[in-house]
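Visitor: Return atomic coordinates for the entry below.
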Amino acid sequence: MKGFKNAFIIMTIILFTNFSSAQNQFNFNKDHDALLVKDLEAAANFYKNILKLEEIPNGGLGDHIRWFQLQDKVQIHLIKSDDEISQHKGVHMAINTNNLKGLMKYLNSKNIPFENWPGEKGTTNSRPDDVKQIYLQDPDGYWIEVNDNSL
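Guide: Residues are numbered from 1 along each chain as shown. Okay, here's the model as predicted:
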């Protein structure tokens with residue numbers, strides 16, 4: 001019986017070791033988000049001139065798509081579309097900054113409205129992990145969370 005118990009423990013350890021390594025075997029990293037937009041120029045202006053993202057070549061996909069890149073090389077692809085787009089604050093893109101107060105001051109100077117999660121205008125809230133966050137919308141109404149999390 002003792003041999004069976006030891007064999008069971010060893011098999012359990014092997015299974016959990018294989019399972020946990022299988023969970024991480026793909027090493028995923030975020031590549032890009034694709035957003036359908038009604039007015040490509042207005043959307044591109046927002047991401048380039050308001051959020052100050054770098055515009056990069058779109059891989060030869062034509063003038064109906066524009067690509068922007070964050071500091072960590074994650075991309076946002078803006079795709080002109082006539083499809084009906086529905087936004088909900090719970091479905092949002094999240095980016096972080098080490099200067100949330102400076103961003104809020106900048107957004108105010110550009111008359112870009114922002115709010116906290118409950119919807120209070122011009123202010124932040126803190127998540128349960130003490131990360132402060134604000135939400136704003138791009139010209140197509142997509143919600144963008146900006147927080148001060150340090151990943």
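Visitor: okay but residue 113 is in contact with residue 121, surely?
Guide: Yes: Residue 113 lies in contact with residue 121 (C-beta atoms under 8 Å); the separation is 6.5 Å. Using the backbone N, CA and C atoms, a C-beta is placed for each residue, glycine as well.
Visitor: more neighbours, those two?
Guide: Using other C-beta atoms under 10 Å as the criterion, residue 113 and residue 121 rank with residue 113 on top: 11 against 8.
Visitor: pLDDT wise, what is the more buried one at?
Guide: As predicted, residue 113 sits at a pLDDT of 98.
Visitor: Check residue 14 too.
Guide: Residue 14 is assigned 56 on the pLDDT scale.
Visitor: Equivalent analysis for residue 150, please.
Guide: On pLDDT, residue 150 comes in at 89.
Visitor: do the same with residue 127
Guide: The predicted local confidence for residue 127 is 93.
Visitor: Would you check how far apart the residue lying closest to it once chain neighbours are set aside and residue 105 are?
Guide: Leaving out its chain neighbours, the residue that sits closest to residue 127 by C-beta to C-beta, 6 or more residues apart in numbering is residue 133, at 6.3 Å. Distance, residue 133 to residue 105, by C-beta to C-beta, to the nearest Å: 16 Å.
Visitor: This protein: strands as residue ranges?
Guide: Taking DSSP state E to define them, one finds strands in the chain at 32-37, 54-56, 65-69, 75-80, 92-96, 114-115, 125-126, 132-137, 143-147.
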